[in-house]
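**Student:** Just a sequence and a predicted model for now, questions to come.
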Amino acid sequence: MKIVLVSAAKFESTPTFELLKSHGINALQIEVGIGPLNAAKNCRQVAAQAQDQHVVFMGTAGTFGEFNKPYLVTAGEVIWLPTSVRTSQAYLIDGIEPPIPAIKHSALFQGLQTATVICCPAISKITTLPPSFSTHTHVVENLELYSCIAEISESASQFDTVLGITNQIGESAHVQWKMNFQHCAKLSAEYILSKLTGKN
């Protein structure tokens, strides 16, 4: 079995791929595409390549909570929630976009903090969350995960998520992301290697 690294763009997973290969770990690197539409269009092909393999979905996310420095989380519930719906400017028809539990997680990355992952068509600048999220202790935003998690996780023998938190949601989000995305890729690489080799 190989480790299949799935990310929106290769720069998110290349440090992990290169580190695993340098340690003799069989790995494959696949792009699902940037944004939810690309992820939805490409997920079937990616799922075919990941058939019966251990998939690690990697990416970056912004947090609705406090942000002091980059860190890693794994996905709990994954929810499709456009910013316009979140801010009560629009609504979704009941039942057409059900929340997805992060399924088939292995025991490998259970040491990571679990976050509720909101996915939407574009990067949000507004931090408001609906009252129903008051029971969620940690909420982050990623564009691609909702669009591809179901199909890829059904194909994989194991499915894990490692998301690097690069920024806080808001006006300065992109500036923070640019400062931190490479560091998050390095954090992810070191963490995944440590778990796969048992060297914590």
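**Tutor:** Thanks, I have the structure now. Remember, it's a predicted structure, so these values are computed and weren't measured experimentally.
**Student:** In contact with Pro70: list those residues for me.
**Tutor:** Taking CB atoms under 8 Å, 6 or more residues apart in numbering, we find Pro70 in contact with Gly164, Ile165, Thr166, Asn180, His183, Cys184, Leu187. Yep, even glycine has a C-beta here, placed from its N, CA and C like the rest.
**Student:** Mark which of those are part of helices, please.
**Tutor:** Among the contacts of Pro70, the members found in helices (DSSP state H) are Asn180, His183, Cys184, Leu187.
**Student:** lowest-pLDDT helix or strand in this structure?
**Tutor:** strand 100-101 (a mean of 88; mean pLDDT, DSSP states H and E).
**Student:** Show me what it is packed against.
**Tutor:** Counting contacts by 3 or more CB pairs under 8 Å, 6 or more residues apart in numbering; DSSP states H and E, strand 100-101 packs against strand 71-80, helix 145-155.
**Student:** ok, back up a step: what's the PyMOL syntax to select whichever of the contacts of Pro70 are buried?
**Tutor:** To isolate the buried ones among the contacts of Pro70 in PyMOL, judged by 16 or more other CB atoms under 10 Å, type:
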select buried, resi 164+165+166+180+184+187
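**Student:** tell me which of the contacts of Pro70 is nearest to Thr63?
**Tutor:** Of all these, Ile165 has the smallest distance to Thr63: 5.1 Å, by CB to CB.
**Student:** State the distance from the closest one to Gln113.
**Tutor:** 9 Å (CB to CB, to the nearest Å).
**Student:** intersection of neighbour lists for the two?
**Tutor:** With CB under 8 Å, 6+ apart as the test, Ile165 and Gln113 both reach Tyr71, Leu72, Val73.
**Student:** For the last one, which non-adjacent residue is closest in space?
**Tutor:** Among residues not flanking Val73 along the chain, Ala115 sits closest, at 4.2 Å (CB to CB, 6 or more residues apart in numbering).
**Student:** Also the first one?
**Tutor:** Spatially, and ignoring its direct neighbours in sequence, Tyr71 is nearest to Ile165 (5.3 Å; CB to CB, 6+ apart).
**Student:** wait, what's in contact with the one you found?
**Tutor:** Thr60, Ala61, Gly62, Thr63, Phe67, Pro70, Tyr71, Leu72, Val73, Val140, Cys184.
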